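[1] fold the following, please.
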Amino acid sequence: MVSNYDIILKQKNLTDLEYKQIYNNLIKNDSIYIPFDKNLIDKSIRRIKYLSKTYYFLFIRCPRKFELMRIKGIYNTQEMYSLGGLYGRNAHFGFDKVWDNINFKRLIKFNTTEKIRNYIYIKCTDLISKLEKNLKLYKFLFLNYANYETFRITHIFNRIGAEKSKKYIIPEYRELKIENHIRNEVGVIDVIHRLLDDSGAIGDYKTGKPKYYELEWNPNREQLDPNKINYDKDNIKTELSFYYNLINSFSDVYKVINIDGINILKDLEFLNIKKGFIVYIKDWYNTFKYINIKETINSKLDNVKSDIIDGINKGYFPMKFRSDCFDYCEYAHICVKDKEFTDNFKQIHPFYLEKLKNLEKFI
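    Prediction:
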């Protein structure tokens with residue numbers, strides 16, 4: 001019999017038997033009724049075939065949650081429209097669209113860092129609706145973004161002068177959507193900057209709480225609070241490695257261009273990427289650093305992908321039991337219907353048994 005994953009890779013012109021195999025092995029669910037619908041199955045196949053960095057990390061956190069979201073297509077609107085998610089998406093929109101409003105000739109005439117920062121900050125806040133003008137988080141994020149860009153811009157001015165700096169200051173790409181048909185991966189790169197040696201740097205903006213620090217990154221800056229330092233750099237390297245591999249195939253790599261609401265694939269031109277950075281906007285001063293991209297390459301996500309393919313072929317994605325499943329996971333009401341879930345939690349602690357009983361009242 002053809003494996004589930006082979007059918008996923010085939011994707012198009014499936015037979016009735018292949019549709020039934022995918023439905024029975026991957027989509028049909030004992031806890032939630034999901035009808036047999038070829039259109040829904042086609043959408044599920046595409047979600048499974050093309051994986052993003054976000055879903056690799058979701059699988060690491062909990063394979064069962066990955067299954068419910070990515071394969072079965074069960075989305076929780078509370079998570080999708082959480083305040084943190086909305087702030088993050090809107091802030092990223094601002095970091096992108098502000099460059100449509102910045103006048104370079106005016107920018108290079110400013111003779112102080114304060115004027116540059118204020119100009120960028122005003123252009124960012126101009127994108128906020130009147131109803132949200134007074135939200136402190138937007139002001140905080142955009143002010144920090146303006147400070148970060150001012151730091152980057154003045155460094156370029158100091159190195160080569162303002163008149164020659166345009167192609168290095170204006171981002172070469174923003175919100176670049178990529179489909180890699182060799183690796184079957186998709187992703188959105190927040191920004192690509194042209195560096196002074198005319199190579200490129202992939203950048204990723206984070207609007208949440210800063211997680212990664214390293215003292216030696218910033219030897220000439222203020223001493224960091226040791227209580228804030230997290231020496232685990234693996235996730236930074238893994239994220240940058242994903243983006244580099246996403247664009248670094250020799251063929252079948254496409255940028256997604258939206259034309260009149262329709263996504264069009266166009267060949268991605270060669271990008272001479274040598275550096276990468278992940279900057280936490282809330283603490284850009286301590287987290288902005290260009291890293292040699294080849295030093296970040298690792299096989300962590302390739303190993304995760306192998307585990308995902310194994311789960312697809314077996315039709316089984318195990319739960320990753322955590323003591324805070326009831327607190328953070330919006331799918332707990334589905335999982336508690338599964339004997340595997342209740343059997344494991346009964347062995348943990350009476351406190352969680354009480355939570356389980358409370359949750360079962362709503363099922």
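
[2] from here on, just use CA atoms for contacts and neighbour counts.
    Noted.

[3] the stretch 51-200 of the chain: helices as residue ranges?
    53-61, 63-66, 77-80, 83-101, 104-107, 113-125, 136-160, 166-169 (DSSP state H, counting those that start in this stretch).

[4] let's have the ones you listed in TSV, adding distance to Asp283, mean pLDDT and mean neighbour count.
    Shown next, in TSV, are the helices of the stretch 51-200 of the chain (distance: least, CA to CA, whole Å; pLDDT from 0 to 100; neighbours: other CA atoms under 10 Å):
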stretch	distance to Asp283	mean pLDDT	mean neighbour count
helix 53-61	22	91	17
helix 63-66	30	92	22
helix 77-80	25	54	11
helix 83-101	15	85	16
helix 104-107	24	93	13
helix 113-125	16	94	19
helix 136-160	8	93	18
helix 166-169	21	95	17
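
[5] let me know which of these is the nearest to Tyr23.
    Minimum separation from Tyr23 across those (CA to CA) falls at helix 63-66, 16.7 Å.

[6] returning to that earlier point: output the helices of the stretch 51-200 of the chain as a markdown table; include the columns distance to Leu9.
    Output for those, formatted as a markdown table (distance: least, CA to CA, whole Å):
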| stretch | distance to Leu9 |
| --- | --- |
| helix 53-61 | 18 |
| helix 63-66 | 19 |
| helix 77-80 | 28 |
| helix 83-101 | 31 |
| helix 104-107 | 46 |
| helix 113-125 | 42 |
| helix 136-160 | 41 |
| helix 166-169 | 40 |
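
[7] and of those helices, who's closest to Leu196?
    Set against Leu196 and scored by CA to CA, those come closest in helix 166-169, at 6.7 Å.

[8] could the C-alpha coordinates of that closest one be exported in CSV?
    Output of helix 166-169 as CSV, limited to C-alpha atoms (Å, rounded to 0.1, in the frame of the first residue of the first chain):
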residue,chain,number,x,y,z
LYS,A,166,20.2,54.4,0.2
LYS,A,167,20.5,50.8,-1.0
TYR,A,168,21.9,49.8,2.5
ILE,A,169,19.3,51.6,4.5
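
[9] hmm, who's touching it?
    Outside helix 166-169, the residues that touch it by CA atoms under 8 Å, 6 or more residues apart in numbering are 104, 153, 156, 193-196.

[10] if we can go back for a sec, nearest to Ile334, out of the helices of the stretch 51-200 of the chain?
    Distance to Ile334, taken as CA to CA, is lowest for helix 63-66 among the helices of the stretch 51-200 of the chain, at 10.1 Å.

[11] roughly how far out does that closest one sit from the chain middle?
    Computed by CA atoms, centre = their mean, to the nearest Å, the chain-centroid distance of helix 63-66 equals 17 Å.

[12] and it, what other elements does it pack with?
    Applying 3 or more CA pairs under 8 Å, 6 or more residues apart in numbering; DSSP states H and E, one finds that helix 63-66 contacts helix 53-61.

[13] by contact count, what packs against the helix it packs on?
    Applying 3+ CA pairs under 8 Å, 6+ apart, one finds that helix 53-61 contacts helix 63-66, helix 300-314.

[14] going by neighbour count, which residues of the last one are buried?
    Buried positions in helix 300-314, judged by neighbour count with 16 or more other CA atoms under 10 Å: 300-301, 307-309, 311-313.

[15] low-scoring stretches of the protein, by residue?
    The model of the chain has pLDDT under 70 over residues 76-85, 130-134, 211-233, 250, 323-324, 326, 341-363.

[16] strands of that one, start to end?
    Taking DSSP state E, the strands of the chain run over residues 173-180, 185-194, 200-206, 253-259, 262-267, 273-280, 291-292.

[17] quick check: angle from the fourth one to strand 185-194?
    It refers to strand 253-259. In terms of direction (axes from the mean of the first three to the mean of the last three CA atoms, to 10 degrees), strand 253-259 departs from strand 185-194 by 90 degrees.

[18] compute the inter-axis angle for strand 253-259 and strand 262-267.
    150 degrees.

[19] what's the domain layout of the protein?
    Here the domain parsing of the chain from automatic domain parsing is 171-316, 319-363.

[20] burial-wise, tell me which of those comes out on top.
    Burial of the domains of the chain is given as mean neighbour count (mean count of other CA atoms under 10 Å); domain 171-316 ranks first at a mean of 17.

[21] what's the distance between that one and the middle of its chain?
    Here domain 171-316 shows a centroid-to-chain-centroid distance of 9 Å under the convention CA atoms, centre = their mean.

[22] what's the answer for stretch 111-121, then?
    Using CA atoms, centre = their mean, the offset of stretch 111-121 from its chain centre is 30 Å.

[23] and stretch 329-339, by the same measure?
    On CA atoms, centre = their mean, the centre of stretch 329-339 falls 25 Å from that of its chain.

[24] stretch 318-332 too?
    21 Å.

[25] would you mind extracting the C-alpha trace of that stretch into PDB?
    Coordinates of each C-alpha in stretch 318-332 appear next as PDB, following Å, rounded to 0.1, in the frame of the first residue of the first chain:
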ATOM      1  CA  PRO A 318       1.400  11.400  20.700                       C
ATOM      2  CA  MET A 319       0.400  13.900  23.400                       C
ATOM      3  CA  LYS A 320       3.200  15.700  25.200                       C
ATOM      4  CA  PHE A 321       1.900  15.800  28.700                       C
ATOM      5  CA  ARG A 322       2.600  19.000  30.700                       C
ATOM      6  CA  SER A 323       1.500  20.100  34.100                       C
ATOM      7  CA  ASP A 324       0.100  23.300  32.500                       C
ATOM      8  CA  CYS A 325      -1.900  21.700  29.800                       C
ATOM      9  CA  PHE A 326      -5.100  22.900  31.400                       C
ATOM     10  CA  ASP A 327      -3.700  26.400  31.700                       C
ATOM     11  CA  TYR A 328      -2.200  27.200  28.400                       C
ATOM     12  CA  CYS A 329      -3.700  24.800  25.800                       C
ATOM     13  CA  GLU A 330      -6.900  25.600  24.100                       C
ATOM     14  CA  TYR A 331      -7.300  22.000  22.900                       C
ATOM     15  CA  ALA A 332      -7.500  20.500  26.400                       C
END
